[in-house]
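Asker: just coords:
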């Protein structure tokens with residue numbers, strides 16, 4: 001969040017580790033939208049995902065046998081967001097391939113944006129007075145949740161691929177050396193759990209205190225469903241999220257997304 005824009009809207013800047021409720025976040029959006037025009041910029045799909053996750057929903061039930069993206073918790077998230085995006089226009093929902101939410105924030109066009117540790121270098125090097133805060137938590141849960149995901153690498157099994165060399169490369173990518181270097185260079189958080197206990201990572205957080213809210217929230221992240229077609233699930237939900245931000249009825253959109261996910265199971 002842009003602390004200067006908060007103060008200009010007459011709002012008290014919360015502590016970086018403070019998790020707002022939807023009601024509190026909504027009051028921020030109203031005040032910031034009235035003062036600045038746009039309060040919050042988010043990715044159309046993933047931004048919605050995290051509101052759904054932070055209200056106890058997700059893509060699949062616990063045993064991975066049924067879609068739950070159309071349950072009451074997800075519908076509540078959609079109904080919370082849609083009027084602010086479609087009618088009030090105090091929230092911008094950015095589609096893939098276009099302007100990023102963080103670019104709206106860096107340009108001073110939105111007071112808040114959906115961002116993570118991967119945006120840290122750009123935020124750090126900006127002239128803005130900013131801070132990270134946890135994602136807003138919905139009425140059905142007492143924590144905020146975002147996706148925990150990384151980049152997936154695999155070794156091809158045909159086409160003349162050298163499996164031995166490929167495995168050696170994968171082991172290198174997963175090495176502690178690379179984990180440490182990525183953290184130092186990009187501010188990205190490690191993919192290996194044991195890397196969080198290293199002196200390098202702990203010192204990195206101490207040297208970059210703005211990342212403490214991100215470190216705090218890591219234990220609340222939700223892993224992607226373990227399913228070979230998870231990318232298709234992602235596309236199904238995000239396509240319907242984009243439709244909701246164009247005015248499609250949330251129940252109809254989420255029912256369609258759930259049907260597409262169920263067809264993949």
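Answerer: Everything's here; your move. This is a predicted model, so every value here is computed, not measured.
Asker: where does the stretch 151-265 of the chain dip in pLDDT?
Answerer: For the stretch 151-265 of the chain, the stretches with pLDDT under 70 are 151-154, 187.
Asker: quick one, helices of it?
Answerer: Taking DSSP state H, counting those that start in this stretch as the test, the helices found in the stretch 151-265 of the chain are 163-173, 176-186, 199-207, 212-217, 230-244, 250-262.
Asker: now distance to residue 13 and mean neighbour count too, for those helices, in CSV please.
Answerer: C-beta: built from backbone N, CA, C; applies to glycine. Supplementary listing: the helices of the stretch 151-265 of the chain in CSV, determined by distance: least, CB to CB, whole Å; neighbours: other CB atoms under 10 Å:
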stretch, distance to residue 13, mean neighbour count
helix 163-173, 39, 11
helix 176-186, 27, 15
helix 199-207, 21, 13
helix 212-217, 13, 18
helix 230-244, 29, 20
helix 250-262, 32, 19
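Asker: tell me the domain ranges of this protein?
Answerer: Domain ranges of the chain: 3-149+222-262, 177-219, per automatic domain parsing.
Asker: span of the first one from start to end?
Answerer: Spelled out, it's domain 3-149+222-262. 43 Å (CA to CA, to the nearest Å).
Asker: pretty sure residue 111 sits against residue 9.
Answerer: Yes. Shown here, residue 111 and residue 9 form a contact pair, counting by CB atoms under 8 Å, at 7.2 Å.
Asker: hey, what's in contact with both of the two?
Answerer: The contact sets of residue 111 and residue 9 overlap at 32, 36 (CB atoms under 8 Å, 6 or more residues apart in numbering).
Asker: comparing the two, which residue is more hemmed in?
Answerer: Each of residue 111 and residue 9 has its neighbours counted (other CB atoms under 10 Å); residue 111 has more, 30 against 17.
Asker: can you tell me how far the more buried one sits from residue 92?
Answerer: 11 Å (CB to CB, to the nearest Å).
Asker: which residues are in contact with both of these two?
Answerer: 38, 40.
Asker: now the strands for this structure?
Answerer: 40-43, 91-94, 112-113, 147-148, 222-223 (DSSP state E).
Asker: show me what the last one is packed against.
Answerer: Spelled out, it's strand 222-223. Helices and strands touching strand 222-223, by 3 or more CB pairs under 8 Å, 6 or more residues apart in numbering; DSSP states H and E, are strand 147-148.
Asker: got a list of contacts for the strand it packs on?
Answerer: With CB under 8 Å, 6+ apart as the test, strand 147-148 has contacts from 46, 49, 50, 53, 218, 221, 222, 223, 224.
Asker: so how many other residues sit close to residue 24?
Answerer: 14.
Asker: and the closest residue to it other than its chain neighbours, how far from residue 94?
Answerer: Closest residue to residue 24 apart from its sequence neighbours, by CB to CB, 6 or more residues apart in numbering: residue 136 at 7.5 Å. The gap separating residue 136 from residue 94 is 18 Å, by CB to CB.
Asker: dump the domains of the chain into TSV; add distance to residue 163 as well.
Answerer: Shown next, in TSV, are these (distance: least, CB to CB, whole Å):
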stretch	distance to residue 163
domain 3-149+222-262	20
domain 177-219	20
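Asker: most packed of these?
Answerer: Of all the domains of the chain, domain 3-149+222-262 carries the top mean neighbour count, a mean of 18, counting by mean count of other CB atoms under 10 Å.
Asker: great, nothing more from me.
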